[in-house]
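A.B. asks: coordinates for the following, if possible.
(2 chains)
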Amino acid sequence: MIPLQWYLYLALALFAVGLFGFVSRRNVIIVLLCVELMLNAVNIALTALGTALEDVTGHIVVFFVIAVAAAEAAIGLSLVVLIYKRFREVHLDEVKMLKG
Amino acid sequence: MEKLVFGYLALAILVSALLVVFSRNAVKAVLWSLVLFLHQAVLFLTLQAEFLAAIQIIVYAGAVLVLFLFVVYLINLREEITWPRFLSAYPLAFLAILFLLALSGAALSGFRPAPPKGILTAGALLAQGHTRILGEHLFREYVLAFEAAGVLLLVAVLGAVVLVRRIREEGR
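C.D. replies: You can find the predicted model right below:
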């Protein structure tokens, strides 16, 4: 049996990688992909805790996280398409104008 | 054997996550995240969560990544390869995340979980299966959240359609 701690460290490392990408990449599409990475790290932690505690709540929360992530990806990517249509640009440091 | 499998999965997940963050080409980043999601589905299987492994593959690899690929192909970024990948402040971000890792790693080292509740035991999993147990609890205790998630998905789809449609009318 693999100790719970290992899963939590893995989730922490994956979350840190995703957070680094989220705050430092320029491309908006990859920033959104890094949000998915962080959500996946949380899913690993929730699943491991649910299995270790023999409780079903953790796994059900993972189910809802995946549903919300799908909704978030749809809205986020349509916003990316909007930004691209207006500015011809998907890089965060180039899009500075608040009132276009 | 179990630990070997876990080690391989953890290594593959972390390496593909790093490749997502560091790759210049957006298409390659999306494909590396596909590798990550498939390995994560196997990781769910090692945690006896076969339903979560299935929806991980169906929703993430099947729907979300296809959406990402569509947008990457829609937006033509041929010169992207030669531009800088990171914002100019990225060393500061790296430092902050290093501290975050150190602090939460220290916090995790003293972590002890609560005693098990005994719903999702190995015997129940063998007798009924993960999907059935999850479904029974989902439609009994969490049915309101389930309905809310359905409405959220509907609103998201309508919102995406409305957002992209308005631009097309302005373009005419």
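A.B. asks: buried residues in the helix of greatest length in chain B, which are they?
C.D. replies: Taking DSSP state H as the criterion, chain B has its longest helix at helix B:143-171. Along helix B:143-171, these residues count as buried under the neighbour rule (16 or more other Cβ atoms under 10 Å in any protein chain shown): B:149, B:152, B:156, B:160, B:163. C-beta: built from backbone N, CA, C; applies to glycine.
A.B. asks: which other helices and strands contact it?
C.D. replies: helix A:57-87 (3 or more Cβ pairs under 8 Å, 6 or more residues apart in numbering or on different chains; DSSP states H and E).
A.B. asks: next, the buried residues of the helix it packs on.
C.D. replies: Across helix A:57-87, burial judged by 16+ other Cβ under 10 Å covers A:57-67, A:69-74, A:76-81, A:83-84.
A.B. asks: among those residues, which are in reach of chain B?
C.D. replies: A:57, A:59-60, A:62-64, A:66-67, A:69-74, A:77-81, A:84 (Cβ under 8 Å from any Cβ of the partner chain).
A.B. asks: re earlier: could I get the buried residues of helix B:143-171 as a markdown table with pLDDT and distance to residue B:3?
C.D. replies: Shown next, in a markdown table, are these (pLDDT from 0 to 100; distance: Cβ to Cβ, whole Å):
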| residue | pLDDT | distance to residue B:3 |
| --- | --- | --- |
| B:149 | 95 | 36 |
| B:152 | 95 | 39 |
| B:156 | 93 | 40 |
| B:160 | 90 | 43 |
| B:163 | 85 | 47 |
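A.B. asks: so what's the backbone phi/psi at the closest residue to residue A:2 other than its chain neighbours?
C.D. replies: Excluding the flanking residues, the one nearest residue A:2 by Cβ to Cβ, 6 or more residues apart in numbering or on different chains is residue B:6, at 5.0 Å. Main-chain dihedrals, residue B:6, degrees, to the nearest 10: phi -60, psi -40.
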